[in-house]
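Undergrad: Here's my sequence, what's the structure:
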Amino acid sequence: MKRIVSNIDTTSGEFVQNKENFLEIRDAYHEKLKEVIHGLRADAVKKHKAKGKLLARERIDLLIDEKTPFLELSTLAAYGMYDNNFPSAGVVTGIGVIHGKETVIIANDATVKGGTYIEEGIKKHIRAQEIALQNKLPCVYLVDSGGVFLPEQAKVFPDRFHFGRLFYNQAKLSAMQVPQISVVMGSCTAGGAYIPAMSDETIIVKNQGTIFIGGPPLVKAATGETITAEELGGALVHTSESGVADHLAEDEGEALRICRDILSTYTPDRQKIDRIPIEEPAYSAEELYGLAPVNLRKSIDAREIIARIVDGSYFHEFKKNYAPTLITGFAHIMGYPVGILANKGVLFSESSLKGAHFIQLCCQRKIPILFLQNITGFIVGKKYEHQGIARDGAKLVHAVANASVPKITVIIGGSFGAGNYAMAGRAFDPNLLFMWPNAKISVMGGEQAAKVLAQIKYENLPDDDPKVMELKRPVIEKYEKEGAAIYSTARLWDDGIIDPADTRKVVAMGIAMSLNRKYGKPSFGVFRM
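TA: This next block holds a predicted model:
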C-alpha cells in the first residue's frame, strides 16, 4: 500500500489555533467525565462500602483480564438531566476481555438511587444487549438493583423498548447459544429477578445478594407475612432450596472469580480474518487535535485524519480521482483489515455510486467498514435533482443498510441530514457509533434551519430585517444546544464520546469484538438504475 504524505504544517497559526480551540472542548468533556465517574455522593459511596461492596467500575476491573482495556459505553448517559442525580444513568456498560474473549458487561450502580432504572438506564442496558446480539458476545450482568425507578414508571415499564425488553433480549441471546452469566451482588427485585433467572448460570454473594419477585414490604402488604430479605430470597435460599442461583460466593471477589471460571469454558466460533503485524501511524495521533473540525464551515482533507489512525499511514485508495468528496480505500488498524469511507464535502450522485461500489467490495472480501462522518448532506439544486441525486443516493443507503460486514461509525465533525444515514448513522445499526467531542448532529445546521424558517414566514423581508433576526436567533441557539455531542450522548444517540487520539484503539476493539460472529453472505436489494 502507498503511504499517505501529509500536507499539514503543524506549526502554522491555523493549525495551532484549531488545536487550542479543540483542546478547550476536549478538556471540558474530560471534566464532565471526572464529575460523573468520581463525583458520586460521598454518603452513598460510604454506605455502599460499609456493606463490604465494591463500586460498579471496581467490580469490572476485577472481572476483566489484567492489563486489558474496558471500552465503556455511554458514560455520560443522562448528563444534564434529572438534575444530574443519575450519573451514567445508574448503570455501567461496556466491552471487556475475560479469558481472552470479548464480553459485554452490564453493571448496576447501587450508589445511584439503589441502582434503579430510569428511561436512559434501560435504553443503555438494552443497547449493550443489542451489541451482544449483533456480535454474538457473551453477557455478564453484575446485578445490584432495586428494579424500576417508581416515580418514572410511565417512562420505563409499558412500551416496546422499556424494561420488558431486557428479558426479551435475554431469551433471544439464549436461543442464539450466547452465554449469559449473572452475578447477584445486591438487591434483585421484582422484574429484575428475571435477569438471573433467565441467565445460563447465576452466582450470588452470601449475606449480600437477594432475589425475589416481591420484596418484604410488598409481601407484607399483599399477604400480611412479615419476613426478612435474607429469609425471603437470600443466597442460601436460592442455592440450596429454590435452585434459582447455581453458585454461592462468600464475597464479591470469589463471585467474580467464579464468573471468570465459567467463561473459561466457552469457545466462540469466530470469523477468520487475516491480521498483520501492528505498525504505528507515521504521524502522531495528537496531531488530530489540530485537525479535528471545530469550525464546520472549513473543509478538511479526510486523508489527513486517516493518516493518523491507520497502521503505518498506509492507505490503498479506491477511485481516487472519481467523486473526490467521498474518500474510499483499504487500510489496517492495529493489524486488522478495514475499508474506510470518509467525507470530504457533500455527497453527489458520483459519490453515492462510488460509496455503494466500495461497500460491495468490502462485503465480497469480508472486510469490516469504518465510516468517518463529517457530512453536511447530499447536494441540492435543480441540476442535481434532474440528474437523479435521490435515485443515486438511495443506492448508497441500500448498500449501507444491507452490508454483511461489521460497520463502525465515528462522527469526527458534522453529521447533518440524510448524510448521517448514508454514512451509517444510528438508524442503520452500526456495530458501534462514537463521536468526537467537537462533533455535531442534527437534521441541518442551525443557521440553515433558521434561514429556511425565516424564508417561509417572512418571504419578502431581507436577512437583516429585525423580524427575521428575532426569528432566527432562538432557532440557532436551539440547534447549537441540541446538536452538541454532549446532548447527543446524554440521550444515547451514540455509544459515547471518545478522544480523537483513542480512535485507533476503539475501532480495533470494535473489529475484534465483531469477529465473534461469522460474517454473512452479501445480499442487496434493488438498486434503481
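Undergrad: Could you use CA atoms for every contact and neighbour count after this?
TA: OK.
Undergrad: Not counting its neighbours along the chain, what's nearest Val92?
TA: The shortest distance from Val92 to any non-neighbouring residue, by Cα to Cα, 6 or more residues apart in numbering, is to Ala107 (5.1 Å).
Undergrad: what bridges to the one you found?
TA: Val92, Leu142 (DSSP bridges).
Undergrad: Can you get me a residue count around it?
TA: 26 (other Cα atoms under 10 Å).
Undergrad: Verify the stated contact: it with Ala56.
TA: Yes: between Ala107 and Ala56 a contact is recorded at 5.9 Å, counting by Cα atoms under 8 Å.
Undergrad: Need the overlap of contacts for those two.
TA: The contact sets of Ala107 and Ala56 overlap at Val92 (Cα atoms under 8 Å, 6 or more residues apart in numbering).
Undergrad: Next, the contact list for the residue nearest to Val92, please.
TA: 56-57, 60, 91-93, 141-144.
Undergrad: In CSV, list these along with pLDDT.
TA: Converted to CSV, the contacts of Ala107 look like this (pLDDT from 0 to 100):
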residue, pLDDT
Ala56, 96
Arg57, 97
Ile60, 98
Val91, 97
Val92, 98
Thr93, 98
Tyr141, 98
Leu142, 98
Val143, 97
Asp144, 95
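Undergrad: Who wins on neighbours among those residues?
TA: Val91 (31 neighbours).
Undergrad: How much space separates that residue from Asp144?
TA: In this view, Val91 and Asp144 are 10 Å apart by Cα to Cα, to the nearest Å.
Undergrad: Find the residues that touch each one of these two.
TA: With Cα under 8 Å, 6+ apart as the test, Val91 and Asp144 both reach 107-109, 115.
Undergrad: pLDDT and distance to Thr11 added to these, as a markdown table?
TA: Formatted as a markdown table, those follow (pLDDT from 0 to 100; distance: Cα to Cα, whole Å):
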| residue | pLDDT | distance to Thr11 |
| --- | --- | --- |
| Ala107 | 98 | 45 |
| Asn108 | 96 | 47 |
| Asp109 | 95 | 46 |
| Gly115 | 92 | 49 |
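Undergrad: Narrow these to just the buried residues.
TA: The neighbour count (16 or more other Cα atoms under 10 Å) marks 107-109, 115 as buried among the shared contacts of Val91 and Asp144.
Undergrad: Tell me the one of the residues you listed nearest Asp429?
TA: Proximity of these to Asp429 (Cα to Cα) peaks at Ala107, which lies at 23.5 Å.
Undergrad: residue contacts, Val294?
TA: Contact analysis of Val294 by Cα under 8 Å, 6+ apart lists 18, 21-22, 413, 438-439.
Undergrad: lowest-pLDDT helix or strand in this structure?
TA: helix 446-457 (a mean of 84; mean pLDDT, DSSP states H and E).
Undergrad: which two in the shared contacts of Val91 and Asp144 are spaced the farthest apart?
TA: Ala107 and Gly115 (9.2 Å).
Undergrad: got any residues that touch both of these two?
TA: 91, 144.
Undergrad: What is the neighbour count of the nearest residue to Ile306 once chain neighbours are set aside?
TA: Leaving out its chain neighbours, the residue that sits closest to Ile306 by Cα to Cα, 6+ apart is Ser313, at 7.2 Å. Residues lying near Ser313 (other Cα under 10 Å) number 26.
Undergrad: quick one: low-confidence ranges for this structure?
TA: Along the chain, the parts satisfying pLDDT under 70 run over 40.
Undergrad: pull the longest helix from it.
TA: Assignment by DSSP state H gives helix 13-38 as the longest helix of the chain.
Undergrad: List just the nearest of the contacts of Ala107 to Phe434.
TA: Using Cα to Cα, those come closest to Phe434 at Thr93, 14.6 Å.
Undergrad: hmm, back to that, I'd like the contacts of Ala107 as CSV, with distance to Ala450 appended.
TA: Shown next, in CSV, are the contacts of Ala107 (distance: Cα to Cα, whole Å):
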residue, distance to Ala450
Ala56, 44
Arg57, 43
Ile60, 46
Val91, 38
Val92, 38
Thr93, 38
Tyr141, 46
Leu142, 47
Val143, 47
Asp144, 47
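Undergrad: between the residues you listed, which is nearest His332?
TA: Distances from His332 to the contacts of Ala107, taken by Cα to Cα, are shortest for Thr93, at 27.6 Å.
Undergrad: The closest one contacts Thr103, correct?
TA: No: Thr93 lies out of contact with Thr103 (Cα under 8 Å); the separation is 10.6 Å.
Undergrad: Which stretches in the stretch 101-250 of the chain count as strands?
TA: Chain-ordered strands for the stretch 101-250 of the chain, with DSSP state E, counting those that start in this stretch as the definition, fall at 101-108, 139-145, 180-189, 201-205, 210-212, 247-249.
Undergrad: part of a strand, is Leu370?
TA: Yes: assessed with DSSP: H, G, I helix; E, B strand; the rest coil, Leu370 lies in a strand.
Undergrad: that older thread, do you know which of the strands of the stretch 101-250 of the chain lies nearest Gly39?
TA: With Cα to Cα as the measure, strand 101-108 is the member of these nearest Gly39 (16.8 Å).
Undergrad: Output the closest one in CSV with nothing but the alpha carbons.
TA: The C-alpha trace of strand 101-108 is given here as CSV (Å, rounded to 0.1, in the frame of the first residue of the first chain):
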residue,chain,number,x,y,z
LYS,A,101,-12.9,-13.3,25.0
GLU,A,102,-14.6,-10.0,24.3
THR,A,103,-17.6,-9.8,26.6
VAL,A,104,-20.5,-7.4,27.2
ILE,A,105,-20.6,-6.3,30.8
ILE,A,106,-23.7,-4.6,32.4
ALA,A,107,-23.2,-3.5,36.0
ASN,A,108,-25.8,-1.7,38.1
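Undergrad: circling back to that earlier point, of the contacts of Val294, buried ones?
TA: Among the contacts of Val294, those classed as buried by 16+ other Cα under 10 Å are 18, 21-22, 413, 438-439.
Undergrad: can I assume Cys363 is in contact with Ala403?
TA: Yes: with contact defined as Cα under 8 Å, Cys363 reaches Ala403; the gap is 6.4 Å.
Undergrad: The two - which one has more neighbours?
TA: Ala403 (26 against 23).
Undergrad: Now do the contacts for that one.
TA: Listed by Cα under 8 Å, 6+ apart, the contact partners of Ala403 are 359-360, 363, 522-524.
Undergrad: Would you tell me what the next helix or strand after the longest helix of the chain is?
TA: Counting by DSSP states H and E, the next helix or strand C-terminal to helix 13-38 is helix 42-50.
Undergrad: Show me which residues of that next one are buried.
TA: For helix 42-50, by 16+ other Cα under 10 Å, it's 45, 48.
Undergrad: Kindly report the same for stretch 505-512.
TA: Within stretch 505-512, the residues that qualify as buried are 506-512, counting by 16+ other Cα under 10 Å.
Undergrad: Helices along the stretch 201-350 of the chain, start to end?
TA: Taking DSSP state H, counting those that start in this stretch, the helices of the stretch 201-350 of the chain run over residues 216-223, 229-233, 235-237, 252-263, 288-291, 302-307, 349-365.
Undergrad: Now do the same contact list for Arg45.
TA: If you look again at residue 45, you'll see it is Val, not Arg. Applying Cα under 8 Å, 6+ apart to Val45 gives the contacts 55, 111.
Undergrad: what about the residue lying closest to Glu130 once chain neighbours are set aside, how many neighbours?
TA: Of all residues not flanking Glu130 in the chain, Asn169 sits nearest, at 7.7 Å (Cα to Cα, 6+ apart). Burial of Asn169, expressed as a neighbour count using other Cα under 10 Å, amounts to 16.
Undergrad: wait, Asn169 sits on Gln129?
TA: Yes: Asn169 lies in contact with Gln129 (Cα under 8 Å); the separation is 6.7 Å.
Undergrad: who's in contact with Thr189?
TA: 145-147, 210-215.
Undergrad: tell me how far the ends of stretch 92-106 are from each other?
TA: The first residue of stretch 92-106 is 6 Å away from its last residue (Cα to Cα).
Undergrad: Let's have the buried residues of stretch 505-512 in CSV, adding distance to Ile389 and secondary structure.
TA: Listed next are the buried residues of stretch 505-512 as CSV, based on distance: Cα to Cα, whole Å; DSSP: H, G, I helix; E, B strand; the rest coil:
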residue, distance to Ile389, secondary structure
Val506, 34, helix
Val507, 31, helix
Ala508, 34, helix
Met509, 36, helix
Gly510, 33, helix
Ile511, 32, helix
Ala512, 36, helix
